[in-house]
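Undergrad: Give me coordinates for this.
(chains A, B, C and D)
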There are 2 protein chains.
Amino acid sequence: MPMRSVDVERVRALPLFRTASARTFDNLIAGGFLQKFPAGTTLLMEGDPVDFLYVLIEGLAELQGTWNDKETTLAVLRPVSTFILAAVVLDADALMTARTIERSDILMISGEAVRRAMKEDAAFAVAVAEELSGCYRGLVRTVKNQKLRGASERLANYLLAEQVSQDRGPSLVLPHEKRVLASLLGMTPENLSRAFANLADYGVVVSGPEVTILRPTVLERLAKPDRLIDSHLQPSAARAGMADRECRASAAGTIAALN
Amino acid sequence: MPMRSVDVERVRALPLFRTASARTFDNLIAGGFLQKFPAGTTLLMEGDPVDFLYVLIEGLAELQGTWNDKETTLAVLRPVSTFILAAVVLDADALMTARTIERSDILMISGEAVRRAMKEDAAFAVAVAEELSGCYRGLVRTVKNQKLRGASERLANYLLAEQVSQDRGPSLVLPHEKRVLASLLGMTPENLSRAFANLADYGVVVSGPEVTILRPTVLERLAKPDRLIDSHLQPSAARAGMADRECRASAAGTIAALN
DNA sequence: TGATCGGCTTGATTATGATCAATTGGAGAT
DNA sequence: ATCTCCAATTGATCATAATCAAGCCGATCA
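TA: Next comes the predicted model:
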């Protein structure tokens, strides 16, 4: 329940907390607690009031939305990401359900404390605004991706983005079930299968969760990645800077720190 | 070029500026200027660096995204709204193009000044974070709308939302060309026509830009409006409060204060 | 080893939306 | 008044994605 100091360091290093004063930071984590959840746990339901800011320290989680008995995945979160920030700032009800995909370690920080900290520490308030800006822009990318591209284009761009971010050469490993990916990309599992089949002609080889991109150039000609939609034209220059703060949600939504 | 004091008051009354100190506010508008643009002017192109925070004082504007020679409208802005805030906060390139739809009066405030003001005035930084949270949540609604609903469901919900917000009884007036509405709702103009034709069976009568909803109950049974997607279940209680800060982007994106 | 379950795939069919083409109809210009 | 232009509509066709229905395969477990 008390955090390991390794984890405290990891949280402290997040853009959201890096610039906060020591006092602000201590107050925030003093009232927080770390909890382990098994896979498939619902952390928060759509429509519920939000009492905590969540920080995914270890594991994998997803944010989903529902309407009329249909469900869609809005983002898959990887460590270390914060989520539900917007609802916390406004003290509003959640617009998305948060679920663990794998067993996860999650830090929960009092929403009340976050709002108080913002008022007292301008540097922290600025960091919150920057974080939200990145999240917002991640969603703009998502909407463009969704409205402007077809299913296999979305998949192609997702694969290219993952390949770059995983950095294991020409192949990558899907971080979760294909059904989740299908929902994230806005299609049915059946159509995801067919989309993969299409991409075979473009040098994409699938073997279980492992995907290999044999001819990146050819695939890119189909995918037409765009720096205003996809975050993966990695700014080889100065990754350390502020640009890095824009969350790598990618249109596909992979790393998003959301809500 | 100098603002009329009426307009200064209107800006001052915005949630974004209401809580700022007098000094902060004066600094911000001192370096700003009001400009009139004819209809169809591009204020800012996708990919361009953003030097100003924009405030639409009078008129009508839209935000659009492009990819592969296709265009989509992400939001239609009405007075008084700020836009391009997220890019200003991060000092990043615009992800959307901003265009005037009608002749518009637009206040432009130095982005540099906004970033400085946030660091110096915690109350203003908090207001920025709150504004961004509202915008973010507006986009979450948009994505859910887009991924979970079909075309005529989106149209039906748009109409119900407009009807409520225009408050002129059972009818409403489309605030812009139908082609813009089609793009906003994520469909072609042809399909928007057909969607309107479908809704005739549900008591929707269209006559040019005027739409009348004869049987709201029937239309709602089709639309299934949802407070976690559509903003128009008007919180009859306490509209003055913080909840109101959440931008009424509606899933359809009407009033959004974006980017 | 064999049985079972669930995720994934594949095929056939249907539904939904996009595209192409032609026409209508209204606003503004001559 | 007529012409012109363009948004909007309508119809026909095509493309894309969803649904329905088997089947397959790998993991787990008895």
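
Undergrad: Please count neighbours and contacts with C-alpha atoms only from this point.
TA: Noted.

Undergrad: ok, the residue of the stretch 151-259 of chain A found nearest chain B - contacts?
TA: In the stretch 151-259 of chain A, the residue that lies nearest chain B is A:Leu228 (5.6 Å; Cα to the nearest Cα). Taking Cα atoms under 8 Å, 6 or more residues apart in numbering or on different chains, we find A:Leu228 in contact with A:141, B:46-47, B:95.

Undergrad: Recalculate using a threshold of 7 Å.
TA: A:141, B:47, B:95 (Cα atoms under 7 Å, 6 or more residues apart in numbering or on different chains).

Undergrad: next one: A:Ala13
TA: Contacts for A:Ala13 (Cα under 7 Å, 6+ apart) come out as none.

Undergrad: where's it relative to A:Thr24, distance?
TA: Plainly put, A:Ala13 is 14 Å away from A:Thr24 if you go by Cα to Cα, to the nearest Å.

Undergrad: quick revisit: of the contacts of A:Leu228, which is the most crowded?
TA: The residue in these with the most neighbours, by other Cα atoms under 10 Å in any protein chain shown, is B:Leu95 (29 neighbours).

Undergrad: Please identify the helix or strand for that residue.
TA: Under DSSP states H and E, no helix or strand contains B:Leu95.

Undergrad: Against which helices or strands is whichever helix or strand A:Thr72 is part of packed?
TA: Using DSSP H and E, A:Thr72 sits in strand A:70-77. Strand A:70-77 sits against strand A:61-67, helix A:178-184, with contacts defined as 3 or more Cα pairs under 7 Å, 6 or more residues apart in numbering or on different chains; DSSP states H and E.

Undergrad: count of residues packed around A:Lys144?
TA: Neighbours of A:Lys144 using other Cα under 10 Å come to 25.

Undergrad: which ones are touching it?
TA: A:Lys144 neighbours (Cα under 7 Å, 6+ apart): A:229, B:65.

Undergrad: continuing past the helix or strand encompassing it, what's the next helix or strand?
TA: Element membership for A:Lys144 (DSSP H and E) is helix A:122-148. Where DSSP H and E defines the elements, the next helix or strand beyond helix A:122-148 is helix A:151-166.

Undergrad: Rounded mean pLDDT for the following helix or strand past that next one, please.
TA: Next along the chain after helix A:151-166, taking DSSP H and E as the criterion, comes strand A:171-173. Mean pLDDT, strand A:171-173: 97.

Undergrad: Strand A:171-173 pairs with which strands?
TA: Strand pairing for strand A:171-173, determined by DSSP bridges: strand A:210-213 (antiparallel).

Undergrad: Show me the contact partners of the strand it pairs with.
TA: So strand A:210-213 is in contact with A:170-174, A:203-206, going by Cα under 7 Å, 6+ apart.

Undergrad: Low-confidence stretches in chain A?
TA: Of all residues in chain A, those with pLDDT under 70 make up the ranges A:1-2, A:232-259.

Undergrad: Kindly report the residues of it close to DNA strand D.
TA: Where chain A comes near DNA strand D, counting by Cα under 7 Å from any atom of the strand, the residues are A:150-152, A:186-188, A:190-191.

Undergrad: ChimeraX command for the buried members of those?
TA: Here is the ChimeraX command that selects the buried residues among the residues of chain A next to DNA strand D (16 or more other Cα atoms under 10 Å in any protein chain shown):
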select /A:151,152,186,187,188
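
Undergrad: can you narrow the residues of chain A next to DNA strand D to ones near DNA strand C?
TA: Within those, those near DNA strand C by Cα under 7 Å from any atom of the strand are A:190-191.

Undergrad: can you put the residues of chain A next to DNA strand D in JSON lines and add distance to chain B?
TA: Formatted as JSON lines, the residues of chain A next to DNA strand D follow (distance: Cα to the nearest Cα, whole Å):
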{"residue": "A:Gly150", "distance to chain B": "11"}
{"residue": "A:Ala151", "distance to chain B": "12"}
{"residue": "A:Ser152", "distance to chain B": "15"}
{"residue": "A:Gly186", "distance to chain B": "6"}
{"residue": "A:Met187", "distance to chain B": "9"}
{"residue": "A:Thr188", "distance to chain B": "11"}
{"residue": "A:Glu190", "distance to chain B": "17"}
{"residue": "A:Asn191", "distance to chain B": "15"}
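
Undergrad: farthest pair in the residues of chain A next to DNA strand D?
TA: Across those, no pair lies farther apart than A:Gly150 and A:Glu190, at 15.1 Å, counting by Cα to Cα.

Undergrad: What parts of the stretch 51-200 of chain A come near DNA strand C?
TA: For the stretch 51-200 of chain A, the residues in contact with DNA strand C (Cα under 7 Å from any atom of the strand) are A:177-179, A:189-194, A:197.

Undergrad: cutoff 6 Å now
TA: A:177-179, A:189-190, A:193, A:197 (Cα under 6 Å from any atom of the strand).

Undergrad: For those residues, which ChimeraX command selects only the ones that are buried?
TA: Buried members of these, defined by 16+ other Cα under 10 Å, are picked up in ChimeraX with:
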select /A:178,179,189
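
Undergrad: which pair in the residues of the stretch 51-200 of chain A next to DNA strand C spans the largest distance?
TA: Using Cα to Cα, these reach their maximum pairwise distance at A:Glu177 and A:Ala197, which is 17.1 Å.

Undergrad: which one is A:Tyr54 nearest to, not counting chain neighbours?
TA: A:Met108 (4.8 Å; Cα to Cα, 6 or more residues apart in numbering or on different chains).

Undergrad: Ramachandran coordinates for the one you found?
TA: Here is the backbone geometry of A:Met108 (degrees, to the nearest 10): phi -120, psi 120.

Undergrad: Confirm for me that it is in contact with A:Leu53.
TA: Yes - taking contacts as Cα atoms under 7 Å, A:Met108 lies within contact range of A:Leu53: 5.7 Å.

Undergrad: check contacts around the closest residue to A:Gln64 other than its chain neighbours.
TA: Once flanking residues are discounted, A:Gln64 sits nearest to A:Thr73: 4.2 Å by Cα to Cα, 6+ apart. Neighbouring residues of A:Thr73 by Cα under 7 Å, 6+ apart: A:62-65, A:180, A:183-184.

Undergrad: let's go with 6 Å and repeat that
TA: Taking Cα atoms under 6 Å, 6 or more residues apart in numbering or on different chains, we find A:Thr73 in contact with A:63-64, A:183-184.

Undergrad: For A:Ala161, state which of the residues you listed is nearest.
TA: A:Leu184 (14.2 Å).

Undergrad: what about the closest one, how many neighbours?
TA: A:Leu184 has 24 neighbouring residues, counting by other Cα under 10 Å.

Undergrad: Contacts only, for it.
TA: A:73-74.

Undergrad: how near is it to DNA strand C?
TA: According to Cα to the nearest atom of the strand, to the nearest Å, A:Leu184 and DNA strand C sit 12 Å apart.

Undergrad: Likewise for A:Val89?
TA: 34 Å.

Undergrad: For that residue, identify the helix or strand it belongs to.
TA: Counting by DSSP H and E, the element that carries A:Val89 is helix A:85-90.

Undergrad: Would you tell me whether that helix gets close to chain B?
TA: Yes - contact between helix A:85-90 and chain B, assessed by Cα under 6 Å from any Cα of the partner chain, occurs at A:Ala86.

Undergrad: ok, and for that helix, which residues are buried?
TA: Using 16+ other Cα under 10 Å as the test for burial, helix A:85-90 gives A:85-90.
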